[in-house]
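Enquirer: Fold the stuff below for me.
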Amino acid sequence: MINYEWQFPNFEVNSENEVKTIHWRYTATEGEYSASIYGSCGGSEGMDFDTMTKDHAIMCVTENQSVEDMQSNLSAQIEKQKNPDTVSRTKEF
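Expert: Now for the predicted structure:
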């Protein structure tokens, strides 16, 4: 089973404490395998940093991106880690 987790490592705010940019990361973990995607989005008009919640931040990201598409992308990355198309090998001459 894949577990998904949101992280919001940084927020850019103006002098009036309004969130202008939210930096995010969405991570999937299944046992020893993990994958993540990241990006940023603009804060909603008048979004106050002090009263903003994690749900507000998630809503900002998902207004323009489908959670289902993001999870499908991450799931595919994990599957590729489990069953790689290629492997790295070395050879000394």
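
Enquirer: Buried residues, stretch 39-47. List them.
Expert: Of the residues in stretch 39-47, those scored as buried under the neighbour-count criterion (16 or more other Cβ atoms under 10 Å) are Cys41, Gly43, Met47. For every residue, glycine as well, the C-beta is placed using N, CA and C.

Enquirer: go on, stretch 18-27?
Expert: Within stretch 18-27, judged by 16+ other Cβ under 10 Å, the buried ones are Glu18, Val19, Ile22, Trp24, Tyr26.

Enquirer: give the contact list for the closest residue in space to Val13 that isn't next to it in sequence.
Expert: Nearest-residue entry for Val13: Phe49, 4.9 Å, with adjacent residues in sequence omitted and distances by Cβ to Cβ, 6 or more residues apart in numbering. With Cβ atoms under 8 Å, 6 or more residues apart in numbering as the criterion, the residues that contact Phe49 are Phe11, Val13, Asn17, Glu18, Val19.

Enquirer: closest to Gln71 among those residues?
Expert: The shortest approach to Gln71 among the contacts of Phe49 belongs to Phe11, at 24.0 Å (Cβ to Cβ).

Enquirer: The helix or strand hosting that closest one pairs with which strands, parallel or anti?
Expert: Secondary structure from DSSP states H and E places Phe11 in strand 3-13. Here the strand partners of strand 3-13, with direction, are listed using DSSP bridges: strand 19-30 (antiparallel).

Enquirer: Sounds good, over and out.
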